[in-house]
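Colleague: Next input, structure requested:
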Amino acid sequence: MQRRQLEFLSNFHVVAGNERSQAAVMVLAKGDTTGGPDNRHENSDQWLYVVSGEGEAVVQDKRYPLKSGTLLLIEQNETHEIINLGDSPLKTVNFYVPPAYRGREGSPPSHD
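Modeller: Sure thing, here's the model as predicted:
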């Protein structure tokens, strides 16, 4: 069993995981973006839950609005970008099945 108290400080951090799944928190400042047309997780599905803020997800060149309470499934190998379009930080919790990043905590050194 693992238990974590989540803190949304900055950037991207893997906060928990095991050999089957992984959790991370992400914070994008106003106007920031992450990912892009080459960003994908070849072997992992990514669940993204918006805790606060507003933005947009571009998945396979289609745009989807993001706001507090949105849950989005980005399936393995789908290209994706997350964009903060709001005035406040965009804060998300992300789950990867199976894990997409090596190492468990902090900013991961590499991914699929």
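Colleague: Please report how far the residue nearest the centre of the chain lies from residue 24.
Modeller: Closest to where the C-alpha atoms of the chain average out (Cα atoms, centre = their mean) is residue 94, at 4.4 Å. As judged by Cβ to Cβ, to the nearest Å, residue 94 and residue 24 stand 5 Å apart. C-beta here means a position set from N, CA and C on the backbone, and glycine is covered the same way.
Colleague: any idea how far residue 89 is from residue 96?
Modeller: 21 Å.
Colleague: Looking only at neighbour counts, state which of those two leads.
Modeller: Each of residue 96 and residue 89 has its neighbours counted (other Cβ atoms under 10 Å); residue 96 has more, 23 against 18.
Colleague: what's that one sitting at in phi/psi?
Modeller: Dihedral pair for residue 96: phi -120, psi 130, per degrees, to the nearest 10.
Colleague: give me every residue that touches it.
Modeller: 17, 21, 22, 23, 24, 41, 44, 45, 46, 47 (Cβ atoms under 8 Å, 6 or more residues apart in numbering).
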